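Participant: okay, predicted coordinates and the sequence, questions at the end:
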Amino acid sequence: MDWPLAITRNSDALRKIVAVMFAMLHGVDRALPLYREAGSEGRARPVARPWPAASRSEAVRVSQPDTGNANAAFTLPYRIYCAILLILRPAESALRRLILIAARGLTLKPRQARQTLPYFPSFAAANAARIPSFALLDPLKHFDFNDFNPNADPRTGFSSSWDPSDFAPSFSQPDKPVDAAPLFSRMRALRAALSDIPKQARRLARWQARRDLLLKARRPTRVSIFRPGLPPGWRQRSIHPVDDLLRECHGLARDLVNGADTS
């Protein structure tokens, strides 16, 4: 199997999809033309401003989201938020599997933890613009209904009077503003990780070294970057090009982990 060619081909396709997601911040109407243009030219067109302009009707309230300020107000209409999230989750899963393929045969020592002296000043404000790190592990499933329904009975997990507004904004209000700061942080982390896959492969190799040390010491830890079952964002029926990309990346990563001969 030509692994470098597989990484290059799938990462190029993923870059086009990431460009579409950032274009969707300006409105869903711009996403399809940009994807078609990126597919015809073979490369994604750069987006000048990766956040919606305050004068557009799709944007609700924006205050410099790309600066990394956690206090910045960044909201999006609910319909655009859901449309981006529909693509973001499988795109993250596909990139994790490309990073796993890129880290094949790479062996590094775990990085030593730095000791912080108690009298050192805090540099949190100076590092406010730092791009968040990309999550290398699939998030595990959880089945706590209280996380989704704040009005649920803690003993049963259900509420006597069920209301769809307990879970998410009503679909009858597609332009209702929602907090999109965490979503934008994940998009920035995905874009930064995709631009430097070898660096993420070294991160994964160090994590694997720490995992081996914990397993040797008989301490509980994650064994694989995969979660049990299907990857996050997996859909049985393809509704977007990212679904086919996730299927291919997941199959390649499984073949690599299982040691299948794909030559």
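Facilitator: That came in fine, so what should we check first?
Participant: contact partners of stretch 196-203?
Facilitator: With contacts defined as Cβ atoms under 8 Å, 6 or more residues apart in numbering, stretch 196-203 is touched by 7, 11, 98-99, 102-103, 106, 108, 133-134, 136, 193. The C-beta positions use only the backbone N, C-alpha and C, and glycine is treated the same way.
Participant: ditto for stretch 90-100
Facilitator: With Cβ under 8 Å, 6+ apart, stretch 90-100 has contacts from 7, 10-11, 14, 17-18, 21, 134-138, 186, 190, 193-194, 197, 200-201, 204, 225, 231-235, 240, 242-243, 245-246, 249-250, 252-253, 256-257.
Participant: repeat that for 7 Å
Facilitator: With contact meaning Cβ atoms under 7 Å, 6 or more residues apart in numbering, stretch 90-100 is reached by 7, 10-11, 14, 17-18, 136, 138, 190, 193-194, 197, 200-201, 204, 225, 231-234, 242-243, 245-246, 249-250, 252-253, 256.
Participant: show me which of the residues you listed are buried.
Facilitator: 7, 10-11, 14, 17-18, 136, 138, 190, 193-194, 197, 200-201, 204, 225, 231-233, 242-243, 245-246, 249-250, 252-253, 256 (16 or more other Cβ atoms under 10 Å).
Participant: tell me, please, where in the stretch 1-150 of the chain the pLDDT is lower than the cut-off.
Facilitator: 27-73, 112-129, 142-150 (pLDDT under 70).
Participant: make TSV out of the contacts of stretch 196-203 and add secondary structure and distance to Ile87.
Facilitator: What follows is those, written out as TSV (DSSP: H, G, I helix; E, B strand; the rest coil; distance: Cβ to Cβ, whole Å):
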residue	secondary structure	distance to Ile87
Ile7	helix	21
Ser11	helix	16
Leu98	helix	16
Ile99	helix	19
Ala102	helix	22
Ala103	coil	25
Leu106	coil	29
Leu108	coil	32
Ser133	coil	21
Phe134	coil	16
Leu136	coil	20
Ala193	helix	16
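Participant: for these, work out which two are farthest apart.
Facilitator: Greatest spacing in the contacts of stretch 196-203, by Cβ to Cβ: Ser11 and Leu108 (21.5 Å).
Participant: so Leu76, which state does it fall into?
Facilitator: strand (DSSP: H, G, I helix; E, B strand; the rest coil).
Participant: chain neighbours aside, what residue packs nearest to it?
Facilitator: Ala180 (4.1 Å; Cβ to Cβ, 6 or more residues apart in numbering).
Participant: roughly how far apart are that neighbour and Arg188?
Facilitator: For Ala180, the distance to Arg188 (Cβ to Cβ, to the nearest Å) stands at 12 Å.
Participant: same question, Ala205
Facilitator: Taking Cβ to Cβ as the measure, Ala205 falls 23 Å from Arg188.
Participant: OK, contacts around the residue nearest to Leu76?
Facilitator: 74-76, 81.
Participant: which of those residues ranks first by neighbour count?
Facilitator: Leu76 (28 neighbours; other Cβ atoms under 10 Å).
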